[in-house]
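**Student:** Next come a sequence and a model predicted from it.
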Amino acid sequence: MLVDREGLWYRVLVARYGEEGGVLKDGGRRASGWWRDLQRVRDGGGGVDGEWFSSCVSKVLGNGGNSTVDEASNLVWHKNVPLKVSILAWRLLRNRLPTKINLAVRGIMVQDAHLCVSGCGMVETVQHLFVSCPIFRNLWQYVRAWIGVSGVDPFDVVDHFVQFSYLLGHAAKKRSFMQLLWLACVWVLWTERNNRQFNNTENTIYQLFVQVQNHSFWWLKAANVVHELGVHNWFACPLPCLGIG
């Protein structure tokens, strides 16, 4: 990973920490714990050789591909969700969105401008923007509280999608609703990201949550899904409105 200069992870690390004399910089105090551990292995710590390092890191971090992506991709195509939203999610799961880190890796954006639009000070990757950002991740907490479930967000966005889709169990109607909510969330987050980046406008996380409620309601209503308790109860208890709670 640290010698393949054309590989995905090498380019990500260069964008994050920089390069000097053909060697990745250590990142100083701002370096993450896992990167400091990898440096110790790279520099000979732990008594391991380069072949072991390359193979084990590839197993943990991947090499730009992921066998679970194809499985998760089947969940993005939802009959009640606009096609543009599913396409966004499809690109997200393959890390093909024009996030700042992806633009920096391609030389389209300077490295100093690749921080998250939330102002948290971290690099804008898909994992960060949609899952681990200390600002934006609160949206998932709002949504889980709304439907009355609890959970911990996985770091990986693919794992996050699959886990979220089955929070209510494996019943088809419940899984379908959770898929729809996840897609609504990523659509709202990406739209908010673009508005902050290009339009200099900003919503609170609670306002984003209300957008998720509205999107999910109107997507289902457009598909003639019956809301048994009416629109006003939707914002308080969506599951009974769909007859699945």
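**Tutor:** Structure received.
**Student:** hey, let's count contacts and neighbours off CA atoms from now on
**Tutor:** Fine.
**Student:** Which stretches in the protein count as helices?
**Tutor:** Ranges of helices within the chain are 8-17, 33-42, 50-61, 67-73, 83-93, 100-105, 126-127, 138-147, 157-165, 172-194, 205-222, 231-234, 238-241, based on DSSP state H.
**Student:** between the ones you listed, which gets the lowest average pLDDT?
**Tutor:** Of all the helices of the chain, helix 50-61 carries the lowest average pLDDT, namely a mean of 44.
**Student:** and residue 116, which of the helices of the chain is closest to it?
**Tutor:** Residue 116 sits nearest to helix 100-105 of all the helices of the chain, at 7.9 Å, using C-alpha to C-alpha.
**Student:** centroid residue for the protein?
**Tutor:** residue 130 (3.3 Å; C-alpha atoms, centre = their mean).
**Student:** quick one, what contacts that residue?
**Tutor:** By C-alpha atoms under 8 Å, 6 or more residues apart in numbering, residue 130 lies in contact with 136-137, 157, 186, 189.
**Student:** got a markdown table for these, with distance to residue 102 and neighbour count too?
**Tutor:** Formatted as a markdown table, these follow (distance: C-alpha to C-alpha, whole Å; neighbours: other C-alpha atoms under 10 Å):
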| residue | distance to residue 102 | neighbour count |
| --- | --- | --- |
| 136 | 19 | 22 |
| 137 | 20 | 17 |
| 157 | 16 | 23 |
| 186 | 18 | 23 |
| 189 | 17 | 22 |
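**Student:** Return the member of these nearest to residue 78.
**Tutor:** residue 186 (14.0 Å).
**Student:** pretty sure that closest one is touching residue 89, no?
**Tutor:** Yes. Under the criterion of C-alpha atoms under 8 Å, residue 186 makes contact with residue 89 at 7.3 Å.
**Student:** and the residue nearest to the centre of the chain, how far is that from residue 221?
**Tutor:** Distance, residue 130 to residue 221, by C-alpha to C-alpha, to the nearest Å: 26 Å.
**Student:** what does residue 167 give?
**Tutor:** 23 Å.
**Student:** Kindly report the same for residue 197.
**Tutor:** 31 Å.
**Student:** what do you get for residue 80?
**Tutor:** According to C-alpha to C-alpha, residue 80 and residue 221 sit 9 Å apart.
**Student:** Have a look at these two and say which one is more surrounded.
**Tutor:** When neighbours are counted by other C-alpha atoms under 10 Å, residue 80 and residue 221 differ, and residue 80 comes out ahead with 18 against 14.
**Student:** The more buried one: what's it in contact with?
**Tutor:** Residue 80 makes contact with 180, 219-220, 222-223, according to C-alpha under 8 Å, 6+ apart.
**Student:** Can you pick out the most distant pair from those residues?
**Tutor:** Among the contacts of residue 80, 180 and 222 lie farthest apart (C-alpha to C-alpha), at 13.4 Å.
**Student:** the more surrounded of those two?
**Tutor:** residue 180 (26 against 10).
**Student:** Pretty sure that one sits against residue 78.
**Tutor:** Yes. Checked against C-alpha under 8 Å, the pair residue 180 and residue 78 is within contact range at 7.1 Å.
**Student:** In terms of pLDDT, where does residue 150 sit?
**Tutor:** Taking residue 150 on its own, its pLDDT is 88.
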